[in-house]
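Sequence first, then the predicted structure:
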Amino acid sequence: MIISAVVPCYKEKGRILGVLEKFGDIVNHIIVVDDACPENTGKFVKNNCEDPRVEVIEHDKNLGVGGATLTGYARAIELNSEIIVKVDGDGQMDPGMIPILIRPICNGISDYSKGNRFFRLDNISTMPTTRVIGNLILSFTSKMSSGYWKIFDPTNGFTAIHGKVAKLLPMEKMAYDYFFESDMLYRLNTLRAVVTDIPMEAIYGEESSSLKISSVLFPFALGHLKNLIKRIFYLYFLREFNLASLELIFGITMTLFGTIFGSINWYDSITTGIPATTGVVILAALPFLIGTFLIVSFLNYDLQNQPDSPLHPSL
């Protein structure tokens, strides 16, 4: 089995050699992608790393962590890799955990596995508070947009994917920035790939994260909204039209009607001082309640409609 590791790098010169030293013999190829790093991390690795498995690819311009990872994926596919692992170059992930990370894929029960820093409660106490809050918010929005309701820690960059599944990814359409991991989950769900969470510990040193919650909050929210709409349309209207599709249509329609009709009559009652009649109240409340029930029913169906049959054995 050929296993390749992709290590995207940007301003990681001080930590990259320590990361590369931790890769065990299970990894056949280590692809370091210098994403136009101002510290010339790629050249530094070429001059100081003697591991014959290490190959350095240098970008002429900065594409973002997603773009660097996809460059590594493309090279790993050229090397006929059966499993492609992504490890960030900042030292927050332990390459020694790769055998555990890839186990579900090797056993044929998963197509994609990723780290989850929130599985063990004692790990959370070592995590910066801003990261905990940010990841809680991002995890819930990612559940909605990706459809993987049982997956947590969506921005975790310690991942592994089967090579055959990686070939199916529309790499030219995927996010190149920090939204890459979340966008990856959305793309995998449209392929109906099985995703598995792997408990892990994150190593936080003195480095400062370049991912600022305030700067990514709006772009992430917009990205999740777009992916949610596309996923719902693709899975429930384009690929398949079923009872859940009708529940969503009637649920949204009735909820909007009840809300708009009730708001108009409530405003009229306030401005005229004439209380709304019982019939008007019922006509506003009943569609709203039924519509809300239908939307909840759709969400329950969507929660149960997660991929459960691995994709790669049939490819």
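Nice, thanks for sending it over.

residues contacting the residue nearest to residue 153 when sequence neighbours are not counted?
What sits nearest to residue 153 in space, not counting adjacent residues and going by CB to CB, 6 or more residues apart in numbering, is residue 116, at 4.7 Å. The way it works is simple: take the backbone N, C-alpha and C, and place the C-beta from them, glycine included. Contacts for residue 116 (CB atoms under 8 Å, 6 or more residues apart in numbering) come out as 151, 152, 153, 156, 197, 198, 199, 200.

Just give the nearest non-adjacent residue to the fourth one, would you?
Closest residue to residue 156 in three dimensions, ignoring its sequence neighbours and counting by CB to CB, 6+ apart: residue 115, at 4.5 Å.

Surely the one you found touches residue 155?
No: counting by CB atoms under 8 Å, residue 155 is not a contact partner of residue 115; they are 10.3 Å apart.

so where do the strands sit in the stretch 101-250 of the chain?
Ranges of strands in the stretch 101-250 of the chain, per DSSP state E, counting those that start in this stretch, are 112-116, 159-162, 195-199.

So what's the residue count around the nearest residue to residue 110 once chain neighbours are set aside?
Sequence neighbours aside, residue 104 is the residue nearest to residue 110 in space, at 3.6 Å (criterion: CB to CB, 6+ apart). As a burial measure, residue 104 scores 20 neighbours (other CB atoms under 10 Å).

Okay, residue 104 and residue 304: tell me how far apart.
Distance of residue 104 to residue 304, given as CB to CB, to the nearest Å: 21 Å.

Between residue 115 and residue 155, which is the more surrounded one?
Neighbour totals were compared for residue 115 and residue 155, and residue 115 leads with 25 against 20 (other CB under 10 Å).

Now the closest residue to residue 34 other than its chain neighbours: which helix or strand?
Of all residues not flanking residue 34 in the chain, residue 42 sits nearest, at 2.9 Å (CB to CB, 6+ apart). Here residue 42, judged by DSSP states H and E, is contained in helix 41-48.

export that helix as PDB, just CAs?
Only the C-alpha atoms of helix 41-48 are listed here, as PDB (Å, rounded to 0.1, in the frame of the first residue of the first chain):
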ATOM      1  CA  THR A  41      10.600  27.000   3.800                       C
ATOM      2  CA  GLY A  42      10.800  24.800   0.700                       C
ATOM      3  CA  LYS A  43      14.500  25.700   0.000                       C
ATOM      4  CA  PHE A  44      15.300  25.300   3.700                       C
ATOM      5  CA  VAL A  45      13.900  21.700   3.600                       C
ATOM      6  CA  LYS A  46      15.800  20.900   0.400                       C
ATOM      7  CA  ASN A  47      19.100  22.000   2.100                       C
ATOM      8  CA  ASN A  48      18.600  20.500   5.500                       C
END
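
The helix or strand following it pairs with which strands?
Next in sequence after helix 41-48, counting helices and strands by DSSP H and E, comes strand 54-58. Strand 54-58 pairs in its sheet with strand 29-34 (parallel), by DSSP bridges.

Quick one: distance of the strand it pairs with to the chain centre.
In terms of CA atoms, centre = their mean, to the nearest Å, the centre of strand 29-34 is set 22 Å apart from its chain centre.

what residues does it touch?
So strand 29-34 is in contact with 2-10, 16, 20, 23, 40-43, 45, 51, 53-59, 68-69, 71-72, 75-76, 79, 81, 89, going by CB under 8 Å, 6+ apart.

For it, give the mean pLDDT please.
The average pLDDT within strand 29-34 is 97.

for stretch 45-65, same thing?
95.

end to end, how far does that stretch reach?
End-to-end distance for stretch 45-65: 18 Å, by CA to CA, to the nearest Å.

how about it: buried residues?
45, 49, 54, 55, 56, 57, 58, 59, 63, 64, 65 (16 or more other CB atoms under 10 Å).

which pair in the residues you listed spans the largest distance?
49 and 64 (24.0 Å; CB to CB).
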